[in-house]
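In: Fold the stuff below for me.
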Amino acid sequence: MAHIDWSTVPSKTITLFYPGQSSYQWLRSSKHKRAYKKTAQGEACLSCHEGEEIDIGNLIVSGDRLEPNPIPGKEGVKDLNVQALHDSEYLYFRFQYKSQLNREGRMLSWQVSQHPCSANIGTEPSSIMIANRSS
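Out: As a prediction, this is how the structure comes out:
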């Protein structure tokens, strides 16, 4: 993999919430108050829930809604820092988040769409970089 100075790459932080055990059918049903019509029309979750990620994640992870088997100590939300760039051969993504674990990451590699793709999970708390050769 190429050496990348990630400090020069713009980043965006997005807030992810714990999804619980909702089904696609539930997302499109009237039980999914105020959002089911938009979901049925193909709208993204953020069209209704942007800014509510913390409340939704903490509610779901508590076991009060959509999670019949809550995991003790599980965080309801996670801030994910995302970076992306490309060169003439590769598209690079970097995802960073603070882990609840206190350990180093691991190196992984796998195949995506018949093209070699590797993920380098670094020694920073949960830092992941993915590179995929363009076709």
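In: So the residue most central in space within the chain: helix, strand or coil?
Out: Against the mean C-alpha coordinate of the chain, by Cα atoms, centre = their mean, the closest residue is L16 at 6.0 Å. At L16, secondary structure determined by DSSP: H, G, I helix; E, B strand; the rest coil is strand.
In: Go ahead and confirm it touches V77.
Out: Yes: under the contact definition of Cβ atoms under 8 Å, L16 touches V77, with a separation of 6.7 Å. Heads up, the C-betas are built off the backbone N, CA and C, glycines and all.
In: my guess is S62 contacts K74, does it?
Out: No: assessed by Cβ under 8 Å, S62 is found out of contact with K74, at 9.5 Å.
In: My guess is L27 contacts K38. True?
Out: No: applying Cβ under 8 Å as the test, L27 and K38 come out as separate, 9.9 Å apart.
In: For K38, which residues are in contact?
Out: K38 sits next to 47-48 when contact means Cβ atoms under 8 Å, 6 or more residues apart in numbering.
In: Any idea how far the longest strand along the chain is from the middle of the chain?
Out: Counting by DSSP state E, the longest strand found in the chain is strand 77-86. Put simply, strand 77-86 sits 8 Å off its chain's centre (Cα atoms, centre = their mean, to the nearest Å).
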